[in-house]
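Novice: for reference, the sequence and a predicted model appear below.
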Amino acid sequence: MPVTLKQLAVRARVHPSTISRVANNDPSLRIAPTTRQRIETLLRETEYRPNGVARGLKLQQTLALAVVIPDVTNPLFAALFRGVEDGASPRGYNVVLCNTDGSPDRQRSHLASLAARRVDGVILASTFLRDPSVRWLRQQRIPHVLVNRFSDDGLDPFVGSDDVMGAKVATQHLYGLGHRRIAHLAGQPTVSTGVLRRRGYLAALAEAGVKADPELVVESGYVEDGGARGTERLLSMRDRPTAIFAVNDMAAVGAHSVARRLGLRIPDDLAVVGYNDIPLAGRVIPGLTTVHVPAHEFGIMATRLLLDQIESGQRPARQVVFQPELVVRGSTVVGADVERAPAALMQE
């Protein structure tokens, strides 16, 4: 039979409520460190698990969070979701995953269903610019945090990276290697990552005195097939580019595969840079130069901001922005050794 709170309390020589509060990570509990250590050891030895239903009824919560993402097959969002679970589980919360496939209608449907199920909060990684779903979350007073993408009114908690700077660094890297015909596989203009990474690409060209060629900007979206189609279009040009900066690694992998299929040498005939540094970036041959963003830390930080909202009842529009960093591999520099410092954190 499962061990009870009363049995544990007798063994730990404390009141049952103290056992419960330690097991549920009650931040307001004040007890001696030796007593806490004795209780935690006993909880591990007996494999005691708190009654989540009872706790939820007492707190008037479901102890469930939701993560809404645009593409469950993208490894960036897998790492993000893992970060959310790692942040939520120790505090007694379960996590529900929803996939939108980039559809605003599916996003609205998921959010309505989650609200009906009375989840305690939502981490939204699938938002759009001028997104009515985000306004709806705000109006319904549902705790929420936007991750990686944001809506453009600046009223919501957000965790992400400096996309303009990341794109500038990537484009400047290609310019520094001697490339002047630098193309961009771009994201949609309705998504913040697409807009800001294109802005960073154009800013880098302008600062280098290179006139931007509109034909070198092709909207690929965020999937491998889109990157492949965009690259085929770019490489069919008479004066084709010598380098491509892609809005994310999946689009860059599509570019990579098309170049190899056409017999082009990477990076001699075509250099390729991606964005996000998903695990696949280090496994393609040659390895993909990319902009690293700490997706797992995105998830942990977003969960922390969300649980702070839930437990305090306040809705501060706090933003946490991580500084992206370039990871140089063989898709831009022959025989490149990978070197990267830990991502710096900027909080506003």
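Specialist: Received the coordinates, thanks. Everything quoted here is computed from the prediction, not taken from an experiment.
Novice: where along this protein do the strands fall?
Specialist: 64-69, 94-99, 121-124, 144-147, 158-161, 182-186, 217-219, 243-246, 271-273, 290-292, 319-322, 325-327, 345-347 (DSSP state E).
Novice: low pLDDT regions in this structure?
Specialist: Low-confidence segments of the chain (pLDDT under 70): 1-2, 27, 49-61, 337-348.
Novice: how is it carved up into domains?
Specialist: The record's domain parsing of the chain by automatic domain parsing lists 5-50, 58-160+295-321, 163-293+326-347.
Novice: that older thread, would JSON lines of the strands of the chain with distance to Arg44 and mean neighbour count be doable?
Specialist: C-beta: built from backbone N, CA, C; applies to glycine. Listed next are these as JSON lines, based on distance: least, CB to CB, whole Å; neighbours: other CB atoms under 10 Å:
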{"stretch": "strand 64-69", "distance to Arg44": "25", "mean neighbour count": "24"}
{"stretch": "strand 94-99", "distance to Arg44": "21", "mean neighbour count": "17"}
{"stretch": "strand 121-124", "distance to Arg44": "28", "mean neighbour count": "27"}
{"stretch": "strand 144-147", "distance to Arg44": "31", "mean neighbour count": "27"}
{"stretch": "strand 158-161", "distance to Arg44": "32", "mean neighbour count": "25"}
{"stretch": "strand 182-186", "distance to Arg44": "50", "mean neighbour count": "28"}
{"stretch": "strand 217-219", "distance to Arg44": "53", "mean neighbour count": "18"}
{"stretch": "strand 243-246", "distance to Arg44": "47", "mean neighbour count": "30"}
{"stretch": "strand 271-273", "distance to Arg44": "47", "mean neighbour count": "28"}
{"stretch": "strand 290-292", "distance to Arg44": "36", "mean neighbour count": "26"}
{"stretch": "strand 319-322", "distance to Arg44": "32", "mean neighbour count": "19"}
{"stretch": "strand 325-327", "distance to Arg44": "38", "mean neighbour count": "20"}
{"stretch": "strand 345-347", "distance to Arg44": "32", "mean neighbour count": "11"}
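Novice: the ones you listed: which one's closest to Ile19?
Specialist: Ranking the strands of the chain by their distance to Ile19 (criterion: CB to CB) puts strand 94-99 first, at 21.7 Å.
Novice: the closest one vs strand 64-69, what angle?
Specialist: Strand 94-99 and strand 64-69 are oriented at 20 degrees to each other (axes from the mean of the first three to the mean of the last three CA atoms, to 10 degrees).
Novice: what helices or strands is strand 94-99 leaning on?
Specialist: On a contact count with 3 or more CB pairs under 8 Å, 6 or more residues apart in numbering; DSSP states H and E, strand 94-99 meets strand 64-69, helix 75-88, helix 104-116.
Novice: what residues sit buried inside the longest one?
Specialist: Think helix 75-88. Within helix 75-88, the residues that count as buried by 16 or more other CB atoms under 10 Å are 75-81, 83-85, 87-88.
Novice: nearest to Ser109, of those residues?
Specialist: Phe77 (18.6 Å).
Novice: quickly note the distance from the closest one to Val68.
Specialist: Phe77 is 10 Å from Val68, where distance means CB to CB, to the nearest Å.
Novice: hey, what's in contact with both of these two?
Specialist: Residues touching both Phe77 and Val68 (CB atoms under 8 Å, 6 or more residues apart in numbering) are Ala125.
Novice: now do the contacts for His256.
Specialist: Taking CB under 8 Å, 6+ apart, we find His256 in contact with 266, 272, 284, 288, 331.
Novice: and if we set it to 10 Å?
Specialist: His256 is in contact with 224, 227-228, 231, 244, 246, 249, 266, 270, 272, 274, 281, 284-288, 331, counting by CB atoms under 10 Å, 6 or more residues apart in numbering.
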